[in-house]
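*Asks:* Need coordinates for the following:
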Amino acid sequence: MDMEFSEEQKTLQSTARSFLSTESPLSMAREMESNENGFSRDLWKKMADLGWFGLPHNEDVGGSGMGTVELVVLTKEMGRSLCPSPYIPTVILAGGAIAAAGNDEQKQCWLPAMISGETVIAFALQEENTFYDARSVHATAVPEGDGYVLNGTKMFVEFATAADRVLVVARTAGSPPETDGLSMFLVDPNDVNVRMEPLNTVARDRQFQMKLDGVKVATADVIGEPGKAWESLEGVIERGVVALCGYMVGASERIHEMATAFAKERVQFGHPIGSFQAIQHYLALSITEIIAADTTTFYAAWTLDEGEPSREIVATAKAFAGDTFRKASDIGAQIHGGIGYDEDMDTTLFLRRGKQYQLSMGDSGFWEDIIAEEILDR
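*Replies:* Have a look, this model is predicted:
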């Protein structure tokens with residue numbers, strides 16, 4: 001694995017950093033906490049115009065066909081600004097599932113509209129547990145007439161009420177923890193039999209409980225072969241998880257930079273607090289972990305792009321990047337002293353998200369169990 005960025009990757013990184021520093025400063029992350037949609041439609045369209053939504057998708061649907069490494073380059077920059085957007089659920093998870101399992105008509109219907117920024121698609125897999133795999137799915141889809149009827153409750157569905165459709169994973173056969181029998185459906189979030197209830201999250205982002213009570217879905221909105229969804233979903237989820245790791249690493253870098261700058265400026269007892277050994281050790285330990293999380297995340301991205309066995313390294317990246325972001329945000333707030341925990345300080349934006357994202361897409365315990373399984377099965 002070559003750790004040096006290519007010229008194309010360097011350009012993507014610099015363009016994204018320049019754009020997001022202007023168009024998505026930390027003040028926007030705070031502003032979107034009280035926004036009905038949870039993200040700016042104007043910013044979303046500008047991101048689409050830069051070609052970011054087509055980055056992981058094929059050219060035949062308007063994409064650029066780049067890899068997971070490039071995705072991480074981009075999501076790291078999003079993390080640095082805590083950019084609030086449905087990029088991962090729409091572009092990588094829902095979009096990736098349609099690209100992997102959808103028929104030609106579905107791909108041409110949904111992917112170009114998504115890539116242009118016109119369409120937002122939320123992703124609904126997880127239910128009332130910490131799992132982020134087939135064990136999570138209890139919702140059912142029963143054949144009826146020319147389609148299916150869906151029942152069940154989905155949890156932590158990001159940006160659901162702002163979406164044009166929600167890609168719902170439900171069972172047409174089998175029961176947890178079986179992977180056979182899972183199917184994917186495009187559901188209209190405004191259907192009369194869909195009820196959305198907002199969840200109070202630590203990060204104050206837009207996540208919902210989605211209750212499905214006899215929701216009818218036409219056959220044309222079944223993505224892929226019924227009962228075989230996991231064959232496509234497993235790889236899509238791994239890619240989404242690694243993209244989230246990139247976001248967390250970028251956010252960790254930014255809060256560390258903020259803490260370092262503060263340690264140089266803040267004077268106590270006649271000296272900058274950065275001259276004190278305890279502060280130095282905090283910063284040194286934190287950057288060591290951030291660099292390790294960064295390397296692990298890019299290695300996970302590389303294994304996905306190269307088709308190498310990835311389950312263990314993806315799990316390692318998620319568990320470690322999540323823990324690193326939580327600790328980096330906590331240390332960043334501590335170094336700022338009492339004011340670091342003030343609601344109006346930018347440090348609190350990172351502090352709240354540090355814990356939230358550690359839990360998102362499966363908590364540390366879930367991914368650590370997978371690491372243990374892989375190690376013991378060797």
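
*Asks:* residues touching Glu231, list them.
*Replies:* Ala101 (C-beta atoms under 8 Å, 6 or more residues apart in numbering). Just so you know, the C-beta spots here come from the backbone N, C-alpha and C atoms, and that holds for glycine as well.

*Asks:* Can you list the buried residues in the helix or strand hosting it?
*Replies:* In this structure, Glu231 is located in helix 229-265 according to DSSP states H and E. Buried residues in helix 229-265, counted by 16 or more other C-beta atoms under 10 Å: 229-230, 232-256, 258-260, 262-263.

*Asks:* Over to stretch 105-112?
*Replies:* Under 16+ other C-beta under 10 Å, the buried positions of stretch 105-112 are 106-107, 109-112.

*Asks:* So which of those belong to helices?
*Replies:* 106-107, 109-112 (DSSP state H).

*Asks:* element containing Lys216?
*Replies:* Using DSSP H and E, the element containing Lys216 is strand 207-218.

*Asks:* next SSE after that strand?
*Replies:* strand 222-223.

*Asks:* how far does stretch 310-323 sit from the chain's center?
*Replies:* The chain centre lies 14 Å from the centre of stretch 310-323; the measure is C-alpha atoms, centre = their mean, to the nearest Å.

*Asks:* Same question for stretch 101-117.
*Replies:* 20 Å.

*Asks:* again, but for stretch 215-223
*Replies:* On C-alpha atoms, centre = their mean, the centre of stretch 215-223 falls 26 Å from that of its chain.

*Asks:* about what we covered before: just the ones in helices among the buried residues of stretch 105-112 now: which is nearest Ala278?
*Replies:* Leu111 (52.0 Å; C-beta to C-beta).

*Asks:* now the helices for the stretch 51-200 of the chain?
*Replies:* 68-80, 95-101, 104-115 (DSSP state H, counting those that start in this stretch).

*Asks:* Could you list every helix and strand in contact with the second one?
*Replies:* This points to helix 95-101. helix 104-115, strand 121-124, strand 222-223, helix 229-265 (3 or more C-beta pairs under 8 Å, 6 or more residues apart in numbering; DSSP states H and E).

*Asks:* surely Glu77 meets Gly250?
*Replies:* Yes: look at Glu77 against Gly250 with C-beta atoms under 8 Å: they come within range, at 6.0 Å.

*Asks:* any residues in contact with both of the two?
*Replies:* Common neighbours of Glu77 and Gly250 (C-beta under 8 Å, 6+ apart) do not exist.

*Asks:* and Asp342, which of the helices of the stretch 51-200 of the chain is closest to it?
*Replies:* Closest among the helices of the stretch 51-200 of the chain, using C-beta to C-beta: helix 68-80, at 21.6 Å.

*Asks:* could you give the mean pLDDT of the closest one?
*Replies:* The average pLDDT for helix 68-80 rounds to 98.

*Asks:* Over to stretch 201-208?
*Replies:* Stretch 201-208 carries an average pLDDT of 95.

*Asks:* same check, this time on stretch 43-58
*Replies:* pLDDT averaged over stretch 43-58 gives 97.

*Asks:* Which positions within that stretch qualify as buried?
*Replies:* Here stretch 43-58 shows 43-44, 47-48, 50, 52-57 as buried, counting by 16+ other C-beta under 10 Å.

*Asks:* Using CSV, please lay out those together with distance to Thr219.
*Replies:* Shown next, in CSV, are the buried residues of stretch 43-58 (distance: C-beta to C-beta, whole Å):
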residue, distance to Thr219
Leu43, 36
Trp44, 31
Met47, 33
Ala48, 30
Leu50, 36
Trp52, 32
Phe53, 27
Gly54, 28
Leu55, 31
Pro56, 27
His57, 24
